[in-house]
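Novice: Show me the folded form of this:
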Amino acid sequence: MLTRVLRTVPLDRIDRRSQLGVYMRRLRAELTKQLGGDVTPAQRIIIEEVAKKAAIVQAVGDYVLTAVASASAGQRARVSSSRFSSSSLSA
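Specialist: Predicted coordinates for the structure are as follows:
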């Protein structure tokens, strides 16, 4: 579901001042530097696509880590509350 939503986001129109915009700009600059600085139009297209994919991967990774953290926090809460149940106190 998240990847379907991310496909509809026009990554070409991201504000370059935002956190995501800065990340993409720095990644483009780093990839351009690694290719020698003077890139061909084909390389520029590839760099742009890599920056978009990297942004999507980062967003999905953040989403998964947040979901796992909240799920494990809920699980810890259940475990810790079961430690102090009335049956454990009577023992």
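
Novice: quick one: contacts for residue 24?
Specialist: With contact taken as C-beta atoms under 8 Å, 6 or more residues apart in numbering, residue 24 is in contact with 11, 14, 16, 51-52, 54-55. For glycine as for every other residue, the C-beta is placed from the backbone atoms N, C-alpha and C.

Novice: Now with 10 Å, please.
Specialist: 11, 14, 16, 18, 48, 50-52, 54-55, 58 (C-beta atoms under 10 Å, 6 or more residues apart in numbering).

Novice: from these, which two are the most distant?
Specialist: 18 and 50 (18.9 Å; C-beta to C-beta).

Novice: Which one's more surrounded, the two?
Specialist: residue 50 (14 against 10; other C-beta atoms under 10 Å).

Novice: Could you check which helix or strand contains that one?
Specialist: Secondary structure assignment for residue 50, by DSSP states H and E: helix 41-83.

Novice: With residue 23 instead?
Specialist: Going by DSSP H and E, residue 23 is in helix 19-34.

Novice: which parts of that helix are buried?
Specialist: 24, 27-28, 31 (16 or more other C-beta atoms under 10 Å).

Novice: quick check, nearest of those residues to residue 44?
Specialist: Looking at the buried residues of helix 19-34 and their distance to residue 44, the nearest is residue 28, at 8.8 Å (C-beta to C-beta).

Novice: Quick check: the closest one touching residue 50?
Specialist: Yes - the pair formed by residue 28 and residue 50 meets the contact definition of C-beta atoms under 10 Å, at 8.4 Å.

Novice: re the thing from before, what helices or strands is the helix holding residue 50 leaning on?
Specialist: Using 3 or more C-beta pairs under 10 Å, 6 or more residues apart in numbering; DSSP states H and E as the contact definition, the elements that helix 41-83 packs against are helix 2-8, helix 19-34.
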